[in-house]
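Visitor: sequence plus the predicted model coming up.
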Amino acid sequence: CVGKGASLDLDHEIVAATPAGPRRGQPYPYRYVVSRKPPPHLYVHLPSEAEQRRVEGRSRSQGTPAWSLRDEALLGEPAPLTPFFASRRDLPKPFGAAEKMRFPAHRGRARADSAFGLISTFAWTGRRFGLTTELDLIPIDRTSAVVPTAMRGVEVKTEGTPAFVMHHGVRTLKPGASGELKPDGWAPFRSGWVLTGKTAAGGAYAETDAGAWIPASALRVARLGRDFWGHAARGRKWIDISIELQMLVAYEGVRPVFATLVSTGKGELADPATTSATVQGTFFIREKHVTATMDGDDLSETSVDLRDVPYVQYFHNSYALHGVYWHDAFGKVRSSGCVNLAPADAAWLFEWTDPPVPEGWHAAFNDKGGTLVYIHA
């Protein structure tokens, strides 16, 4: 692996300038921010106050404005300065990172509507600066912190059928002393449940394995997939994705073990060659990355420079399963063709699928194919 993009030297300047790597296993491997307008400058070292005034001029933020208090909480406490950053040495560029125009203190501005994964943040000159994965320092008050989604799939631990609540304000019910169903709580929007198959009131209510009953009209119920390839008979893992339901179900043999809502391509069931529809068919996961920049394959209609996409799993050309931090529309079509997942679900699937990524590695490849992915209407 040693070459232009790798080194065994623990004293390499890239190592000194990178205090941490991605938090694999966490829903968000980095803390993410999205550019405000105008976008932030890309500083090459922690800038002095004079450099900030010279670069940012009258638009420089003074201190921490009230609107960023939420962002401060989302980003957590700033990290202590390491000797490298305290020295204010210029940051090196990782191999393959784009080298923008170069000025004495900065590399120009970030692109409009850009987003970043931050390795760390530092308090400096009354402001806060974030270190990007391409080793640029950006003023945090020129960004907005990404608010984590509450969306989570459901692990299927009992025999039953996964389902998701697709209405707001749905009550759960439980049998009273005389057996009639009485309101007992709430079923949050997009919450996942496992149905036992029992119904009441002529099918109006469905029982869950948690003992709660939910109005059937509020549920989107999985259509458990058929095994066309003999995977189930051999007990192998496979993934079923329904475009109509916007739902993914993961299987071990004939048994569903996990389900979640997804966002597939905006082209719905149209031809993916001419629209933003997700490709249909049977595929195998061939490569996995803890994070990746996807070269515009799956950017939203408003964002043009989204980096450090979490838990990317390619299965056909540029089509991939991956987490997203720039929208929260799971259960609806949204993507440019890839299968979008909530970050927590993407993290779960990443560890479950093949090929496995060894601990401490960033990626793995298997040209012969890993876990089967079946995408259909």
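Guide: Perfect, thanks for sending it.
Visitor: residue contacts, H362?
Guide: G21, P22, H289, V290, T291 (Cβ atoms under 8 Å, 6 or more residues apart in numbering). C-beta coordinates here come from the backbone N, C-alpha and C atoms, glycine included.
Visitor: how close does the second one get to W348?
Guide: In this view, P22 and W348 are 16 Å apart by Cβ to Cβ, to the nearest Å.
Visitor: kindly report the same for the fourth one.
Guide: Relative to W348, V290 is positioned 14 Å away (Cβ to Cβ).
Visitor: got any ranges where the stretch 51-200 of the chain has weak pLDDT?
Guide: Within the stretch 51-200 of the chain, the stretches with pLDDT under 70 are 58-67, 99-100.
Visitor: give me the longest strand you can find in the protein.
Guide: strand 114-124 (DSSP state E).
Visitor: tell me the strands beside that strand, with direction?
Guide: strand 31-35 (antiparallel), strand 127-132 (antiparallel), strand 305-306 (parallel) (DSSP bridges).
Visitor: please render those strands as TSV that adds distance to H327 and mean neighbour count to the earlier fields.
Guide: Formatted as TSV, these follow (distance: least, Cβ to Cβ, whole Å; neighbours: other Cβ atoms under 10 Å):
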stretch	distance to H327	mean neighbour count
strand 31-35	11	22
strand 127-132	21	23
strand 305-306	10	19
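Visitor: can you give me the strands in the stretch 151-300 of the chain?
Guide: 154-155, 161-165, 170-175, 181-187, 192-200, 205-208, 213-215, 219-221, 237-242, 247-252, 255-261, 281-284, 287-292 (DSSP state E, counting those that start in this stretch).
Visitor: closest to V55 out of those?
Guide: strand 287-292 (28.6 Å; Cβ to Cβ).
Visitor: picking that back up, export the strands of the stretch 151-300 of the chain to a markdown table and append columns for distance to W361.
Guide: Below are the strands of the stretch 151-300 of the chain laid out as a markdown table (distance: least, Cβ to Cβ, whole Å):
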| stretch | distance to W361 |
| --- | --- |
| strand 154-155 | 25 |
| strand 161-165 | 31 |
| strand 170-175 | 42 |
| strand 181-187 | 39 |
| strand 192-200 | 30 |
| strand 205-208 | 39 |
| strand 213-215 | 42 |
| strand 219-221 | 36 |
| strand 237-242 | 20 |
| strand 247-252 | 22 |
| strand 255-261 | 23 |
| strand 281-284 | 20 |
| strand 287-292 | 8 |
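Visitor: of all those, which lies closest to R36?
Guide: That would be strand 287-292 among those, by Cβ to Cβ, at 22.8 Å.
Visitor: tell me what the closest one is packed against?
Guide: Using 3 or more Cβ pairs under 8 Å, 6 or more residues apart in numbering; DSSP states H and E, the elements in contact with strand 287-292 are strand 309-316, strand 363-365.
Visitor: which one of the ones you listed is the most hemmed in?
Guide: The highest average neighbour count among the helices and strands packed on strand 287-292, using mean count of other Cβ atoms under 10 Å, belongs to strand 309-316 at a mean of 25.
Visitor: report the distance from that strand to the chain centre.
Guide: 10 Å (Cα atoms, centre = their mean, to the nearest Å).
Visitor: which residues does it contact?
Guide: Under the contact criterion Cβ under 8 Å, 6+ apart, strand 309-316 has outside partners 27-29, 279, 281, 283-294, 298, 320-325, 341, 343, 346-347, 349-350, 353, 373.
Visitor: now, the residues you listed that are in helices?
Guide: P343, A346, A347, L349, F350 (DSSP state H).
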